[in-house]
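A.B. asks: let's see this in three dimensions:
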Amino acid sequence: MTTALSEFYHDEFMEAAAELGIELIIIDPEQVNIIFGQPSKIYDNQGNEIIADGFFVRAMNKSYTQCAYLAQALKSQGCIMLDGIERFNGTAPNKMITSMRRSVSGVGAKTIKFTNNFIRANQATIRPMLPLFAKPISSSQNRGLVRINTIEELITYNTDEYVIQENLNIVDEYRVLAHKTSDDITVFGITHKKTIGLRGSNPGKKFKISENTQYKLIEFIRSLPRDVNGDGLFGYDIAKLENGSLVLIEANRSPMWERTERIRKVSVASEILKLMLNLYNTKNAANRVR
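C.D. replies: Below is the predicted model of the structure:
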């Protein structure tokens, strides 16, 4: 029996499971009761126990509290987790923390946390970095992201804590949809990003990506330090700079994959289920050897 949790891709997973001959149960985190123990038990609204001896695929909705409970219960039952459980129990770092971790690790844009008082006291240090981007610590999805050209603009930008980030000379940007663990990486598709937004322009909006570029992108993801983003299914946004180097702009933990499917002609739900079956069979084979 396989188990999955998905808000946006319910039908897609069910259709993929039917084609692969897999019995799939979609669990809604808001429609179950959980009794914690070793192992924990999960009941539906009619009081029937749900036995999950297969996979916990992922949560694609915003019910984080319910998802956290369900993820912990499924993990205690021995389910394989597509994403690390920290994604559901509140310990996953926010985007600003991961941005700064990428900066420190040298795989992302230089990102520094600042306050206006620091800017006023260190104008000589900041001035050579202009132009740059500023973003509030608490924001997400590029909300509040502003290109800053002068020290005066930076001082009047915001009164709260924020980060400033270097302005990158981007010539191309890619989205890599992949599942990454410390041992392996499974790539479901690589596409050009439609736009680069405030960070630059993409003059070569072409869909064909050379094998050499694909190889470099995959190896770049493979070499990412674990504390930068952790394990799981991500939409990696990677920029290629004028000097040919690669920079990780973002690693989206809840990536949409319609564009990947349309351009690469692949069923991502089917590929995810194949990956999970492979992990499940590998785990069972290892248990039989013991």
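
A.B. asks: and the contacts of stretch 12-27?
C.D. replies: Applying Cβ atoms under 8 Å, 6 or more residues apart in numbering, the contact partners of stretch 12-27 are 1-6, 10, 42, 50, 52, 57, 70, 267-270, 272-274, 277. Glycine gets a C-beta too; all of them are placed from N, C-alpha and C.

A.B. asks: count of residues packed around Tyr69?
C.D. replies: Tyr69 has 20 neighbours, counted by other Cβ atoms under 10 Å.

A.B. asks: what residues of the longest helix along the chain count as buried?
C.D. replies: Secondary structure of the chain per DSSP state H: the longest helix is helix 268-289. For helix 268-289, the neighbour count (16 or more other Cβ atoms under 10 Å) marks 268-273, 275-277, 279-280 as buried.

A.B. asks: just flag the most distant two among those.
C.D. replies: Greatest spacing in these, by Cβ to Cβ: Val268 and Tyr280 (18.4 Å).

A.B. asks: got a list of what the nearest residue to Asp227 once chain neighbours are set aside touches?
C.D. replies: Ranked by Cβ to Cβ, 6 or more residues apart in numbering and with sequence neighbours excluded, the top spatial neighbour of Asp227 is Arg101, at 6.1 Å. With contact taken as Cβ under 8 Å, 6+ apart, Arg101 is in contact with 93, 108, 225, 227-228.

A.B. asks: go on, Gln31?
C.D. replies: Going by Cβ under 8 Å, 6+ apart, Gln31 touches 44-45.

A.B. asks: if we go to 10 Å?
C.D. replies: By Cβ atoms under 10 Å, 6 or more residues apart in numbering, the residues touching Gln31 are 44-45, 66.

A.B. asks: looking at the contacts of Arg101, state which has the most neighbours.
C.D. replies: Most surrounded of the contacts of Arg101: other Cβ under 10 Å gives Gly108, at 25 neighbours.

A.B. asks: what number of residues lie near the closest residue to that one other than its chain neighbours?
C.D. replies: Excluding the flanking residues, the one nearest Gly108 by Cβ to Cβ, 6+ apart is Arg102, at 2.7 Å. Counted with other Cβ under 10 Å, residues neighbouring Arg102 total 23.

A.B. asks: do Lys41 as well
C.D. replies: Residues within reach of Lys41, counting by other Cβ under 10 Å, total 15.

A.B. asks: burial of the nearest residue to it once chain neighbours are set aside, as a residue count?
C.D. replies: Once flanking residues are discounted, Lys41 sits nearest to Ile35: 4.6 Å by Cβ to Cβ, 6+ apart. When neighbours are counted by other Cβ under 10 Å, Ile35 registers 10.

A.B. asks: can I assume Ile35 is in contact with Ile50?
C.D. replies: No. Ile35 lies out of contact with Ile50 (Cβ atoms under 10 Å); the separation is 11.4 Å.

A.B. asks: what touches both of those two?
C.D. replies: With Cβ under 10 Å, 6+ apart, Ile35 and Ile50 have common neighbours 41-43, 73.

A.B. asks: out of those, who's nearest Leu246?
C.D. replies: For these, the nearest to Leu246 is Ala73 (38.9 Å; Cβ to Cβ).

A.B. asks: excluding its backbone neighbours, what's nearest that closest one?
C.D. replies: Leaving aside its chain neighbours, Ala73 sits nearest to Ser40 (3.8 Å; criterion: Cβ to Cβ, 6+ apart).

A.B. asks: can you get me a residue count around that neighbour?
C.D. replies: Residues near Ser40, counting by other Cβ under 10 Å, number 17.

A.B. asks: what's the pLDDT at it?
C.D. replies: At Ser40, the pLDDT value in this model is 93.

A.B. asks: cool, Leu154 as well?
C.D. replies: Per-residue pLDDT puts Leu154 at 85.

A.B. asks: the closest residue to it other than its chain neighbours pairs with what?
C.D. replies: Distance criterion Cβ to Cβ, 6+ apart; nearest residue to Leu154, sequence neighbours excluded, is Ile148 at 4.9 Å. Note on Ile148: beta-bridge partners by DSSP bridges are Leu132.

A.B. asks: give me every residue that touches Ile148.
C.D. replies: Contact analysis of Ile148 by Cβ under 10 Å, 6+ apart lists 126, 129-134, 154-157, 164-165, 167.

A.B. asks: do that again at 6 Å, thanks
C.D. replies: Contact analysis of Ile148 by Cβ atoms under 6 Å, 6 or more residues apart in numbering lists 132, 134, 154.
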